[in-house]
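1. Could you look at this predicted model? Sequence included:
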Amino acid sequence: MNILGLSCHYHDSAAALLADGELVAAAEEERFSRKKHDSGYPAKAVAFCLGKAGLRPQDLDYVAYYEKPFLKFERILTGCAATFPKSAGLFRRAMKSWLGEKLWIKARLARELGVPEEKILFCDHHLSHAASAFFCSPFEDAAVLTTDGVGEWATATIGKGTASWQEGGKQSLVLSHELRYPHSIGLLYSAFTAYLGFEVNDGEYKVMGMAPYGKPRFETEVWKLVSRFGDGSFRLALDAFAFQHDAERSFTNEFEKLFGPPRKPGTRFVTAQTSLYDDTNAPGASELAENQRFADIAASIQAVTETLVLEMAAEAKRRTGSKNLCMAGGVALNSVSNGRLWRESGFERIFIQPSAGDAGGALGAALYAHHALLQKPRRHVMTRADWGQEFSVGQTVDSLKSAGANFETFDDEARLLERAVDLLRQGKVVGWHQGRFEWGPRALGNRSIIADPRSEKMKDTVNIKIKFREPFRPFAPSVLAESADAYFDFGRREVPDAASFMLMTFPVKDKKRAEIPAVTHVDGSSRVQSVGPDAPPLYRGLIRGFQQATGVGLVLNTSFNLKGEPIVNTPLEAFATFMDSGMDALVVGSCVVEKDKLQTASSSWRTSWRSSQAPDKNLVF
Amino acid sequence: MPEAESRGLWAGLKAAGRAIASFQADFVLTAVYYLALGPASLALKLSGRNPFGAADAKTGWKPREPVDPAEHLKSQG
């Protein structure tokens, strides 16, 4: 039984393939098209998934799409009617897109894939989210909480899943209650993302990273926008928001009356605690005060979000009585609120799969079809995130040769690791490209940039010279699971499941903060990736090697991309990104490239390769 | 005409065509908005139904109807 799950036409389109209930492959289209948050039909991700399984489209039993297009269209029309006459611009823009393509998704999928329309299924957006979490979790029974901007009408749901690994066992996933548009925790957070000068659906994690520089002194003002009912549900004060009638603007003048003028996109963010690095333009008192206001607003919306998520989780616990929680939806990527859930919600275990946002809906739709429709027993627990494309030694070597790179090849893994550890110890920043790329927005040791976490300067170096991004952004550590407790305060004895996918933030233990400053955020927190026995062995070996050499069982890990670009996929993309950045070395497969040993041929190759790599716009249908 | 020039001309014609189509679509959709959604909005207001949820509600949670997976997955709406 082969089921292809698809998500597309909003943001982060993706494909995932199940063969007899086992996940074979899952990938976001942006990794292939090189267009960040690509929303088009995921033609290349589909081709990759089918190729990985050795299938043709006609071998598919079902194609499961991650939402209900007609219901979503109805919500948009109703929303425009309810906000008439302010919504004229939104209506025109939405109708062009919907009448042009989105309404005809069934026929288009059938045509693109060459499958009969009867094989195409449509799973409710939040049910897709819920299934992506529950049917990947290790639980037989769990409460489910989904929270995002909006799907069809729902913006959050709670429910319960029951599953069995035995043939004939009951598979059930029921979402019993929902919050409805426009009352949305995701849209609330996104309005602040826009207010703070970041791009909606992209900059939310920047707000989360900015928050620790501030104090939540605007929390009272934020609560004026949110009326709580005492059961985890709430209403937004719609006068302050514009997203329900405006495609360009998320908030109104009422919002600005509460918080002051918004931050201009692209302006530097500098407070008394942020680094200036090599910026010689020292900020004046007014710039510092203005930026501190933005940091305080970020801290305030983060604090309110955490409270709302905790209250929703409490309601899910009350209604289901389960000791386990599965979470999905874009808000489930808020690692700070997830960390608080772990410490304070009372759930014994919490599972969040690495692609908790809309891309993950592709996997969820396929899993729902497999388990709820076909009543097939559980086969899959997601313990690792590497479900993307991989490259052979031969392909890697050919790629590097084609780029004119001179490199060293290590046939012996132990020697390769020894070389990589040596580079890290010397303070070098290393591109690390191994195995299959990760599913979801986090690099977890297969497409990562890694560095020594002990260096005070390393955070600035990687932010500014390597990734060309804002100096306030924090970095995460990849820590050996068995060493994690020595560095981080999990609030309990065990390390949470979600820490395997870098989805929770925890305090760094006081006595360790000075030891690992590059991965300790300004508030002493860290978004931990626990690297356990299920993680890729080579990555575990690297961290173990670093521990043996330095006594520190963790490395700094950030995604292998430059600001504004998708994470790299191929060895050539890795090499080009390596050349475009200040990285010192690249370990790709068994090959090691060092920048100071490179010949000039690589530089001219880089220029011509980059110019040939414009994102492929033809993929959007 | 040399190939490069004819390709440029064709691209220009296509861009002009898209601009005209976009203007036409805006015109038609604006008319639809005021002629169809205007009355719908009025009817909505007169009926007293608020699609964004009643202001005096006691909770924001709405119960969801149980679904039969087979029926649920078949439908686009």
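-> Here it is on my side, so go on.
2. now the residue nearest the centre of chain B: how far from residue A:75?
-> For chain B, residue B:29 is the residue whose C-alpha lies nearest the centre (C-alpha atoms, centre = their mean; 9.5 Å). According to C-beta to C-beta, to the nearest Å, residue B:29 and residue A:75 sit 18 Å apart. Where C-beta positions appear, they are placed from N, C-alpha and C, glycine not excepted.
3. same check, this time on residue A:513
-> In terms of C-beta to C-beta, residue A:513 sits 47 Å off from residue A:75.
4. Show me which of these two is the more surrounded one.
-> residue A:75 (20 against 15; other C-beta atoms under 10 Å in any protein chain shown).
5. pretty sure that one contacts residue A:155?
-> No. Using C-beta atoms under 8 Å, residue A:75 makes no contact with residue A:155, being 10.6 Å away.
6. Identify the contacts common to those two.
-> Residues touching both residue A:75 and residue A:155 (C-beta atoms under 8 Å, 6 or more residues apart in numbering or on different chains) are residue A:181.
7. thinking again about what came up before, and the residue nearest to the centre of chain B, what are its phi and psi?
-> phi -70, psi -30 (degrees, to the nearest 10).
8. which residue sits closest to it, ignoring its sequence neighbours?
-> residue A:92 (4.5 Å; C-beta to C-beta, 6 or more residues apart in numbering or on different chains).
9. Just give me the neighbour total for the one you found.
-> 21.
10. And for the one 5 residues further on?
-> Residue A:97 has 14 neighbours, counted by other C-beta under 10 Å.
11. Tell me the first helix or strand C-terminal of the helix or strand harbouring it.
-> Per DSSP states H and E, residue A:97 falls inside helix A:88-100. Counting by DSSP H and E, the element after helix A:88-100 in chain order, helix or strand, is helix A:105-113.
12. Give me the mean pLDDT for that next one.
-> Averaging pLDDT along helix A:105-113 gives 96.
13. hmm, that helix touching chain B?
-> Yes. Remark: helix A:105-113 sits within contact range of chain B at A:105, A:106, by C-beta under 8 Å from any C-beta of the partner chain.
14. contacting residues around that helix?
-> Applying C-beta under 8 Å, 6+ apart, the set of residues contacting helix A:105-113 is A:4, A:6, A:9, A:41, A:43, A:46, A:57, A:60, A:63, A:65, A:69, A:101, A:115-117, A:120, A:122, A:621, B:76.
15. Which ones among the residues you listed map onto strands?
-> A:4, A:6, A:63, A:65, A:120, A:122 (DSSP state E).
16. and which of those residues is nearest to chain B?
-> residue A:122 (5.0 Å; C-beta to the nearest C-beta).
17. Report pLDDT for residue A:315.
-> For residue A:315, the predicted pLDDT is 98.
18. wouldn't it be in contact with residue A:232 here?
-> Yes. Using C-beta under 8 Å, residue A:315 is in contact with residue A:232, at 3.3 Å.
19. Have a look at those two and say which one is more surrounded.
-> Between residue A:315 and residue A:232, counting by other C-beta under 10 Å, residue A:232 is the more crowded of the two (26 against 21).
20. what are the ranges of the helices in chain B?
-> Ranges of helices in chain B, per DSSP state H, are B:3-32, B:38-47, B:69-74.
21. so which helix or strand takes in the residue positioned nearest the centre of chain A?
-> Taking C-alpha atoms, centre = their mean, the centroid of chain A lies closest to residue A:441, which sits 3.1 Å from it. For residue A:441, there is no host helix or strand (DSSP H and E).
22. Contact partners for it?
-> A:333, A:354, A:355, A:357, A:559.
23. biggest separation within the residues you listed, which pair?
-> A:357 and A:559 (14.9 Å; C-beta to C-beta).
24. Those two: which is more packed in?
-> residue A:357 (28 against 19).
25. wait, that one sits on residue A:331?
-> No. With contact defined as C-beta under 8 Å, residue A:357 and residue A:331 do not form a contacting pair (9.3 Å).
26. Mutual contacts of these two, please.
-> Joint contacts of residue A:357 and residue A:331 (C-beta under 8 Å, 6+ apart) are residue A:148.
27. What is the neighbour count of residue A:608?
-> 9.
28. which other helices and strands contact the helix or strand containing it?
-> Take DSSP H and E as the rule and residue A:608 turns out to sit in helix A:601-611. Using 3 or more C-beta pairs under 8 Å, 6 or more residues apart in numbering or on different chains; DSSP states H and E as the contact criterion, the elements in contact with helix A:601-611 are helix A:571-580.
29. buried sites along the helix it packs on?
-> Using 16 or more other C-beta atoms under 10 Å in any protein chain shown as the test for burial, helix A:571-580 gives A:571, A:572, A:573, A:574, A:575, A:576, A:577, A:578, A:579.
30. tell me the contacts of residue 26?
-> The chain I'm using is chain A. Counting by C-beta under 8 Å, 6+ apart, residue A:26 has contacts A:14, A:15, A:16, A:17, A:49, A:355, A:362, A:363, A:387, A:388, A:439.
31. Hmm, no, I was thinking of chain B.
-> residue A:92.
32. Then residue A:161?
-> Residue A:161 touches A:130, A:134, A:135, A:137, A:139, A:141, A:142, A:144, A:172, A:173, A:174, A:326, counting by C-beta under 8 Å, 6+ apart.
33. buried set for stretch A:411-418?
-> Buried, per 16+ other C-beta under 10 Å, within stretch A:411-418: A:416, A:417.
34. For that stretch, list the C-alpha coordinates in CSV.
-> The C-alpha coordinates for stretch A:411-418 follow below in CSV (Å, rounded to 0.1, in the frame of the first residue of the first chain):
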residue,chain,number,x,y,z
ASP,A,411,38.3,6.2,3.4
ASP,A,412,38.5,5.5,7.1
GLU,A,413,35.7,7.1,9.2
ALA,A,414,37.8,7.3,12.3
ARG,A,415,40.4,9.4,10.5
LEU,A,416,37.7,11.6,8.9
LEU,A,417,36.3,12.3,12.4
GLU,A,418,39.7,13.0,13.8
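35. dump the residue contacts of the nearest residue to residue A:147 once chain neighbours are set aside.
-> Nearest residue to residue A:147 in three dimensions, chain neighbours excluded: residue A:331, at 3.8 Å (C-beta to C-beta, 6+ apart). Shown in contact with residue A:331 (C-beta under 8 Å, 6+ apart): A:147, A:148, A:156, A:185, A:186, A:189, A:305, A:309, A:337.
36. Okay, residue A:331 and residue A:188: tell me how far apart.
-> Distance from residue A:331 to residue A:188, by C-beta to C-beta: 10 Å.
37. For the helix or strand hosting residue A:205, name the packing helices and strands.
-> If you go by DSSP H and E, residue A:205 is part of helix A:204-210. If contacts are counted by 3+ C-beta pairs under 8 Å, 6+ apart, helix A:204-210 sits against helix A:185-195, helix A:285-320.
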